[in-house]
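Trainee: quick one, fold the following:
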Amino acid sequence: MITIKLIGGAKKSFNSDELKIDESDISINKILELLIKNKPENTSNIDVENILIAINGCDSSAMDGKDTIVRDGDIVSIIPVIHGGASKKLIFEIEKKQIQILEIRGKKEVDITLIDNLRKNYPKIKFQVVSSNFILNSSHLKKILSLSINAEKNKILLSKKIETDILMRFAVTLQISNAISSAGMKPSTNFILIAIGNKNQFSSIYSELSDSCVNLFSKSNDLFLKKHFNISKKHIDTVYSKTPLEDILVEKSSILI
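Mentor: So this is what the prediction gives:
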């Protein structure tokens, strides 16, 4: 028996906050298929591409994603990334590291002191900013962060600091200067603020920046990413996946050496 915990907007799709599935040793993909198949009529649809899935409290993106196998007795929590409309912050966990994501409205002039001040005011938090143009969606974001976090764990970072490793992987380059110039902060361009560390300080960080925050992932960056990384339709068509562009981007980031 597997217990499904439905959180936030996911409750509305099933008119319940908890379901039981009499299955074991099945993938998350299979669970989602069962849920969609048995969803009550006349309830809101659940967007399986914009959800966080945790197994016994651990983010599945740090395991095998939607291919992760769920066992008898496991508790699967389903949390919409965007619920009740759009969200201005996202908090999740990878390898026991707490992460908060905010999207900040771009200004005509780049505020070069922003991240320095944050690092000064919150010394136990690791911060990085990435141009919103270089992030496809929340799943892409989490997979890249997972690469960097595991690289730090295994002592194979692309640079001395995980913050720099993150930026280099989004930019898909081994040159720090190129990563900064391409995927760093730019005038009049929104950027994603990544905070890794003490979850107790996340509320304070959000309160400090909330006036500048915008709804996360509200802009489609597909065309920009395809053009920037020279990803052709032919290339995408050769990838057997429901998320080919995302998979190509993650692969490019994972094979940097």
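
Trainee: ok, the residue lying closest to Asn29 once chain neighbours are set aside - contacts?
Mentor: Spatially, and ignoring its direct neighbours in sequence, Asn29 is nearest to Lys66 (4.6 Å; C-beta to C-beta, 6 or more residues apart in numbering). For every residue, glycine as well, the C-beta is placed using N, CA and C. By C-beta atoms under 8 Å, 6 or more residues apart in numbering, Lys66 lies in contact with 27-29, 32, 53, 60.

Trainee: quick one: Lys66 from Val48, how far?
Mentor: 8 Å (C-beta to C-beta, to the nearest Å).

Trainee: about what we covered before: of the contacts of Lys66, buried ones?
Mentor: 28, 32, 53, 60 (16 or more other C-beta atoms under 10 Å).

Trainee: what is the burial count for Tyr122?
Mentor: 18 (other C-beta atoms under 10 Å).

Trainee: thinking it is in contact with Lys199, fair?
Mentor: No. With contacts defined as C-beta atoms under 8 Å, Tyr122 does not count as touching Lys199, sitting 12.0 Å away.

Trainee: how about His140, secondary structure?
Mentor: Classification of His140 using DSSP: H, G, I helix; E, B strand; the rest coil returns helix.

Trainee: can you tell me the closest non-neighbouring residue to it?
Mentor: Spatial nearest neighbour of His140, chain neighbours left out: Glu246 (4.9 Å); criterion: C-beta to C-beta, 6+ apart.

Trainee: tell me who's in contact with the one you found.
Mentor: 136-137, 139-140, 143.

Trainee: what are the ranges of the strands in the stretch 51-200 of the chain?
Mentor: Taking DSSP state E, counting those that start in this stretch as the criterion, the stretch 51-200 of the chain carries its strands at 51-55, 58-59, 69-70, 75-80, 89-94, 97-104, 126-131, 191-196.

Trainee: which among these is found nearest to Thr43?
Mentor: strand 75-80 (13.7 Å; C-beta to C-beta).

Trainee: could you chop the protein up by domain?
Mentor: Annotated domains of the chain cover 2-80, 89-254 [automatic domain parsing].

Trainee: any chance of those in TSV, with mean pLDDT too?
Mentor: Shown next, in TSV, are these (pLDDT from 0 to 100):
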stretch	mean pLDDT
domain 2-80	84
domain 89-254	93
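
Trainee: with just CA atoms, put stretch 37-56 into PDB.
Mentor: Provided in PDB are the C-alpha atoms of stretch 37-56 (Å, rounded to 0.1, in the frame of the first residue of the first chain):
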ATOM      1  CA  LYS A  37      -7.000   7.800 -14.900                       C
ATOM      2  CA  ASN A  38      -8.900   7.800 -11.600                       C
ATOM      3  CA  LYS A  39      -9.300  11.500 -11.100                       C
ATOM      4  CA  PRO A  40     -12.900  12.400 -10.300                       C
ATOM      5  CA  GLU A  41     -14.900  14.100 -13.100                       C
ATOM      6  CA  ASN A  42     -15.600  17.800 -12.900                       C
ATOM      7  CA  THR A  43     -12.500  18.600 -10.800                       C
ATOM      8  CA  SER A  44      -9.500  20.700 -11.800                       C
ATOM      9  CA  ASN A  45      -6.800  19.100 -13.900                       C
ATOM     10  CA  ILE A  46      -3.400  18.400 -12.300                       C
ATOM     11  CA  ASP A  47      -0.400  19.600 -14.200                       C
ATOM     12  CA  VAL A  48       2.100  16.800 -13.900                       C
ATOM     13  CA  GLU A  49       4.800  18.900 -15.500                       C
ATOM     14  CA  ASN A  50       4.600  21.500 -12.700                       C
ATOM     15  CA  ILE A  51       4.700  19.500  -9.500                       C
ATOM     16  CA  LEU A  52       7.200  18.600  -6.900                       C
ATOM     17  CA  ILE A  53       7.100  15.000  -5.800                       C
ATOM     18  CA  ALA A  54       8.700  13.900  -2.500                       C
ATOM     19  CA  ILE A  55       9.000  10.300  -1.300                       C
ATOM     20  CA  ASN A  56       9.200  10.000   2.500                       C
END
